[in-house]
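>>> my questions concern the predicted model and sequence given below.
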Amino acid sequence: MKDNKAKTDYLNKIIVEPMDIMQFLRESEDLRDDICPSVGKEIGKLLYFLAIYSNSKKIVEVGTSIGYSTSWLGMAAKKNDGHVITIEIAERLINEAKANIKMMNLEDNVTFIHGFGENIISDLPSEIDLIFIDSATKSYERLYEVSLNKLKKGGLLIFEDILFSVSGKRNIQKEMMNDFNIKINNDNRIEKSFLGIGDGLLLCLKR
Ligand SMILES: C[S@@+](CC[C@H](N)C(=O)[O-])C[C@H]1O[C@@H](n2cnc3c(N)ncnc32)[C@H](O)[C@@H]1O
């Protein structure tokens, strides 16, 4: 993934976040060991672009952390007159993300839910426009099924980190991710596109 890293580093230099606090959030992560990394700027911008392009109003995110990707989705929701529901298992992070989203004036467009994404999504109303999954990869298979069930026809389902362990040494995780990717690739309920940006992004369009 060395080539990809050089390209990502280049893009990260030229992409500018629309709010200073977004840059602050992303950069402050490097000084912390109590949170997992957020998506890069290029993926944040792509999420925003896809949400705008698809005119998504009902947006769901799994894996809020401190709200960096939520801010890109929240901005798109604001522009589309829509709303983001973001789900996080770590309660301490929800409080922090809430404060960050408020500082960006996006609080009217984002609702925070504490819990496991796979359980919460099952209880949400259907006809969701866009779902972004960036949680523990061991939940991906279950999250895929519940999300597909709740997505509207033509809705977008996006997974982050699908190549994270594929090139690594951790065999169990590598096999699990490989099985997931193969399952998706063979699923005729969706159109799909595997992208090698960041740690791997998977775009699914419900047929
Ligand atoms: C990689 S971080 C999310 C980063 C965030 N999306 C961003 O780019 O700013 C993953 C987060 O998912 C949360 N998480 C893990 N498994 C989860 C699950 N099954 N449901 C909800 N949240 C989960 C973790 O606590 C962690 O904060």
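Cool, the structure landed. Residues are numbered from 1 along each chain as shown.
>>> mind listing the helices for the protein?
2-14, 20-28, 41-53, 68-80, 91-103, 117-123, 140-150, 171-185 (DSSP state H).
>>> the ligand contacts on the chain?
36, 38-39, 62-63, 65, 68-69, 87-90, 93, 116-118, 134-136, 139 (C-beta under 6 Å from any ligand atom). For every residue, glycine as well, the C-beta is placed using N, CA and C.
>>> could you redo the last one with a cut-off of 8 Å?
By C-beta under 8 Å from any ligand atom, the part of the chain that sits against the ligand consists of 25, 35-39, 43-44, 61-70, 87-90, 93, 115-118, 120, 132, 134-136, 139, 143, 160-161.
>>> now for the residue nearest to the spatial centre of the chain: which residues touch it?
Closest to where the C-alpha atoms of the chain average out (C-alpha atoms, centre = their mean) is residue 132, at 3.9 Å. Residues in contact with residue 132 (C-beta atoms under 8 Å, 6 or more residues apart in numbering) are 47, 59-62, 69, 73, 158, 160.
>>> just the buried residues of the residues of the chain next to the ligand.
25, 36, 38-39, 43-44, 61-70, 87-90, 93, 116-118, 120, 132, 134-135, 139, 143, 160-161 (16 or more other C-beta atoms under 10 Å).
>>> return the most buried member of the helices of the chain.
helix 68-80 (a mean of 25; mean count of other C-beta atoms under 10 Å).
>>> quick one: that helix to helix 91-103, angle?
Comparing the axes of helix 68-80 and helix 91-103 via axes from the mean of the first three to the mean of the last three C-alpha atoms, to 10 degrees yields an angle of 40 degrees.
>>> need the residues that contact helix 68-80.
18-19, 21-22, 25-26, 29, 38-39, 43-45, 47-48, 51-52, 55-57, 59, 61, 63-64, 82-84, 86, 97, 100-101, 104, 106, 108-110, 130, 132, 134.
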